[in-house]
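1. got a sequence here, can you build the structure:
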Amino acid sequence: MSILQYPVATEKALNLVERENVITYVVDIGAGKPEIKKEFESTFKVKVIGINTVRTPYNRKRAYIRLTKEFPASEIAKRLKLV
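-> Sure, this is the predicted structure:
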């Protein structure tokens, strides 16, 4: 099973794409930040600055993945058909 499960397309997540260059993903509950970073960078060919993770009340794990300025999150969002 893949570490990256699916992108989040809520209004908040799309605002983070525009304002803070952050992509929000639901990830495997057991995945750590280094594994998420490695998987995301190899899948999308981008450079990740940092990752914050949150456990939701529905027993899911969200990763907020911040990208470097050279890689606009809006481009990834377009490739994922979020916008």
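2. only C-alpha atoms from now on, for both contacts and neighbour counts.
-> Will do.
3. what's the span of stretch 27-36, first residue to last?
-> Chord length of stretch 27-36, first to last residue, is 8 Å (Cα to Cα, to the nearest Å).
4. what's it in contact with?
-> Residues outside stretch 27-36 that contact it (Cα atoms under 8 Å, 6 or more residues apart in numbering): 2-6, 51-53, 59-63.
5. now do the SS call for Y6.
-> Following DSSP: H, G, I helix; E, B strand; the rest coil, Y6 is assigned to strand.
6. quick one: T56 and V26 touch, right?
-> No: between T56 and V26 there is no contact under Cα atoms under 8 Å: 9.8 Å.
7. and these two? Which one has more around it.
-> Shown here are T56 and V26; by other Cα atoms under 10 Å, V26 has more neighbours (20 against 10).
8. where does this structure have low pLDDT?
-> Along the chain, the model assigns pLDDT under 70 to residues 1.
9. in it, what residue spans correspond to helices?
-> For the chain, applying DSSP state H gives helices covering 11-20, 33-44, 73-79.
10. buried residues in the longest one?
-> In this case it means helix 33-44. Buried residues in helix 33-44, counting neighbours by 16 or more other Cα atoms under 10 Å, are found at 36-37, 40.
11. what of the last one?
-> Residues of helix 73-79 classed as buried by neighbour count (16+ other Cα under 10 Å): 73-74, 76-77.
12. do stretch 43-54 as well
-> Using 16+ other Cα under 10 Å as the test for burial, stretch 43-54 gives 46-48, 51, 53.
13. got a markdown table for the helices of the chain, with distance to L67 too?
-> Shown next, in a markdown table, are the helices of the chain (distance: least, Cα to Cα, whole Å):
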| stretch | distance to L67 |
| --- | --- |
| helix 11-20 | 9 |
| helix 33-44 | 10 |
| helix 73-79 | 7 |
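14. re earlier: distance to E11 added to the buried residues of helix 33-44, as TSV?
-> Output for the buried residues of helix 33-44, formatted as TSV (distance: Cα to Cα, whole Å):
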residue	distance to E11
I36	23
K37	24
F40	22
